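1. could you work out the structure for the sequence below:
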Amino acid sequence: MGPDWKIKRGVDSGLSQIGYKANGSHDIVLNFPIDVTFKSTNPFGWPRLVLSVYGVDALGRDVVRGYGSIHLPARAGSYNRSVPLF
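-> Okay, the predicted model is just below:
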């Protein structure tokens, strides 16, 4: 987040959950609530949700499968978002 952004309530980082994709699907559903309130005088540096996706390789080790990020919504509520991974 940008230099003008301050957290009024909640935490700025954490570990969320483990999710699995269904057979034949590329989607992974994360149903983890994010409860944080920000304050800023400037929209520059809008907060983002950053994801790191891990998988298991042939030897059973956890390896990075991709990274992605999206801007957090401006209003509270439930949202469906797609996050491209790189």
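2. Gly45: what's it in contact with?
-> For Gly45, the contact set (CB atoms under 8 Å, 6 or more residues apart in numbering) comprises 1-5. Using the backbone N, CA and C atoms, a C-beta is placed for each residue, glycine as well.
3. leaving out chain neighbours, which residue sits closest to it?
-> Of all residues not flanking Gly45 in the chain, Gly2 sits nearest, at 1.5 Å (CB to CB, 6 or more residues apart in numbering).
4. could you check stretch 58-65 and say which residues are buried?
-> Buried residues in stretch 58-65, counted by 16 or more other CB atoms under 10 Å: none are found.
5. shouldn't the residue nearest to Gly45 be in contact with Phe44?
-> Yes: between Gly2 and Phe44 there is a contact under CB atoms under 8 Å: 4.9 Å.
6. on that earlier part again, tell me the most packed of the contacts of Gly45, by neighbour count.
-> Neighbour tally across these (other CB atoms under 10 Å): the maximum, 17 neighbours, falls on Trp5.
7. show the pLDDT at it.
-> On the pLDDT scale, Trp5 is placed at 89.
8. and the contacts of Gly45 as CSV, adding secondary structure?
-> Listed next are the contacts of Gly45 as CSV, based on DSSP: H, G, I helix; E, B strand; the rest coil:
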residue, secondary structure
Met1, coil
Gly2, coil
Pro3, coil
Asp4, coil
Trp5, coil
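9. and of those, the nearest to Thr37?
-> Distance to Thr37, by CB to CB, is smallest for Trp5 among these, at 11.0 Å.
10. for the residue nearest to the closest one when sequence neighbours are not counted, what are its contacts?
-> Closest residue to Trp5 apart from its sequence neighbours, by CB to CB, 6+ apart: Ser40 at 4.5 Å. Residues near Ser40 by CB under 8 Å, 6+ apart: 2, 4-6.
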